[in-house]
Structures are given as structure tokens and as C-alpha cells.
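S.K.: Just to be clear, the model below is a prediction. Sequence and coordinates:
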Amino acid sequence: MLKMILKAFVIGATMMVPGVSGGSMAMVLSIYKDLIDKMSNFRADMKNNFIFLAFFSLSALSGMFLLSKPIMHLIDAYPIVSMYFFLGLVVGSVPTIYKAADVSKIGIKEVLSFTIGFLIVLAVSFIPEGIFTVQELSFTQVIVHIIGGFLVSIGFILPGISFSYLLLILGLYSFIIEKLSNFDILSLIPFGLGFLLGLLVMVKAIEKALSKYPKISYLVILGFLLGSLIPVFPGLPKTAVEAVLSIVVFVIGFIIIFFVSKVEEKKKLS
């Protein structure tokens, strides 16, 4: 339970970083499938699933409120070095996800599955920001918020698609941050309803896809993850010191996730 709480805390802390996906972090930290299973089959073991999801949610929210600002300040101060650490985390998870896909040989179906995931994330990154910019709530804007919440839930649950970036695209980022900082919960209800509805739909769809078509699903997820590297790629380091630091933090990120994944694998086998 403690390990899950720590993982949820990390996921929450990184969720408000534009370009970084909560789903990707859940996949990287080997908690994604458990999370999907608990939400999708909630009624099968209501008590334990509720406890798991309640602790996960509280820990993720704590991470979001306590660490998202310091992380954003760190990224503002050292943008290239910070993003290379995130790149290392994502790349470090690739061997585990590829292994989960259980690919015996690479054919057209496998390449197509990966390419679809890769292109979806890439396409999302090219959508201009501020599709709907909303400040106050009218009836029409309530509907817009419900639709926006539904769409943003996709970024919450799908690896590679950033929750915060979708908020920016839809023009809801400033509105949500402002209402959260002012604890104006009533204004967030329409968004929350749409978000929960989207979550229920997406979780069921992903759970079915992972159980019925695991190879295709994991290859699409791999495409999501690797596709997400392009929008967050900060460019090449500008100085020798920055280059060395970027390589060091990339390797550290890779090693952390690679070894965490190996430990999780051994636990599943034992």
C-alpha cells in the first residue's frame, strides 16, 4: 500500500506539467493496469477497490498540490535538464511495455498498431491552444465544461496524452487552476461531471482492449509513450555543462524506472 501511495504522489506531482502524461507516469511506474482493473471492476470487490482508489486519489491530489509548483519552478529554471530526466523515465519503461506486448515477430499489424498510437499523440500536440476559452459560467458554457471534462479524462487515463496539455488546448487550464487555487468547487462541478463520465467510458474500453487484445493494446500504448517524447523534447543542450547534466539525469531516470520495472516483474513471478 505504501508503494502505491508513493507512486500516486509522483503521478499527481507531474500531472500539471504541460506535456507530461499522468497515464504515462502510471505506466512507467507499473501501476497502470492495476488502476484500470480496480476502476473497471469496482463492484467485484467494492470495499478493497474503494480503499485502493481512495488512497490513490488522495495521494495523487496531495502530490498535485504540494509538488506541482516546485516542479514547474524547476522546469522554468532548468528546462532542458529537467525534461531530459522525464525523457529518461519514459524511455526506461519501453522494455517492460514491449515485453508486456509479447511480440513474437514484427509484421504489418504490429507496425500499424504502434504507428496509430504514435500519430494520435503527435496529432494532439499540433492542436492549437484555446479551442474554448471560458471565464464565467452560462448554460452554454456549462455544456462546454462537461464536454471539456469528458475530453480531458482521455488525457488522464491514456498514456502519452497530457492531462494539463489538453486543458491548455481546450482553453480551460487558467480557469481550472484559478478555481482550484480559490477553492471554488461549485464552478468545477460541470467539468467534474464530464470528467467522471469520460473516465467511466474510457476505463471500460481500455480494460476490454487490454484483456481481449493485449498485444495490439500495448503496442498502441508504446506508440503513445514514444510519440509523447516529441512534444516534450526540449532541444539539444546549449552548453557543455548542460549537455553533461542532461545525459546524467537522462541515465538516472532510465535506470530508476528500468530497475523499478525489474523489481515489479520479480514480484509478479514470485
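M.R.: The structure has been received and is ready for your questions. Residues are numbered from 1 along each chain as shown.
S.K.: what's the burial count for Val10?
M.R.: By the criterion of other Cβ atoms under 10 Å, Val10 has 19 neighbours. Any C-beta I mention is one placed from the backbone N, CA and C, and that applies to glycine too.
S.K.: Assign Ala243 to helix, strand or coil.
M.R.: Following DSSP: H, G, I helix; E, B strand; the rest coil, we place Ala243 in the helix state.
S.K.: residue contacts, it?
M.R.: Applying Cβ atoms under 8 Å, 6 or more residues apart in numbering, we find Ala243 in contact with 236-237.
S.K.: before we move on, what about Ile116?
M.R.: Ile116 sits next to 220, 223 when contact means Cβ under 8 Å, 6+ apart.
S.K.: Is it inside a helix or a strand, and which specific one?
M.R.: Using DSSP states H and E, Ile116 falls within helix 108-125.
S.K.: what do you get for Leu87?
M.R.: Using DSSP H and E, the element containing Leu87 is helix 79-101.
S.K.: Buried residues of that helix, list them for me.
M.R.: Residues of helix 79-101 classed as buried: 80-94, 96-97, 100-101 (neighbour count, 16 or more other Cβ atoms under 10 Å).
S.K.: got the angle for that helix vs helix 108-125?
M.R.: Angle of helix 79-101 versus helix 108-125, following axes from the mean of the first three to the mean of the last three Cα atoms, to 10 degrees, is 150 degrees.
S.K.: residues of the lengthiest helix in the chain that come out buried?
M.R.: Longest helix in the chain by number of residues (criterion: DSSP state H): helix 46-77. Buried residues in helix 46-77, defined by neighbour count with 16+ other Cβ under 10 Å: 49, 52, 56, 59-60, 63-64, 67-68, 71, 75.
S.K.: ok, back up a step: what's the following helix or strand after the helix holding Ile116?
M.R.: Remark: after helix 108-125, the chain's next helix or strand is helix 139-157, criterion DSSP H and E.
S.K.: and the closest residue to Leu74 other than its chain neighbours, what pLDDT?
M.R.: Closest residue to Leu74 apart from its sequence neighbours, by Cβ to Cβ, 6 or more residues apart in numbering: Ser82 at 5.5 Å. At Ser82, the predicted lDDT confidence score is 88.
S.K.: What separation do you get for Ser82 and Asp76?
M.R.: 9 Å (Cβ to Cβ, to the nearest Å).
S.K.: Mind checking what secondary structure Val201 has?
M.R.: What three-state DSSP gives for Val201 is helix.
S.K.: Might you report the residue contacts of it?
M.R.: Val201 sits next to Phe150 when contact means Cβ under 8 Å, 6+ apart.
S.K.: what do you get if the cut-off is 10 Å, keeping everything else the same?
M.R.: Applying Cβ atoms under 10 Å, 6 or more residues apart in numbering, one finds that Val201 lies in contact with 150, 153-154, 157.
S.K.: In JSON lines: the residues you listed, plus neighbour count.
M.R.: Shown next, in JSON lines, are the contacts of Val201 (neighbours: other Cβ atoms under 10 Å):
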{"residue": "Phe150", "neighbour count": "19"}
{"residue": "Ser153", "neighbour count": "22"}
{"residue": "Ile154", "neighbour count": "17"}
{"residue": "Ile157", "neighbour count": "23"}
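S.K.: circling back: the helix holding Leu87 packs against which elements?
M.R.: With contacts taken as 3 or more Cβ pairs under 10 Å, 6 or more residues apart in numbering; DSSP states H and E, helix 79-101 sits against helix 2-15, helix 22-28, helix 32-40, helix 46-77, helix 108-125, helix 214-232, helix 240-269.
S.K.: so which of those helices gets nearest Leu188?
M.R.: helix 46-77 (13.1 Å; Cβ to Cβ).
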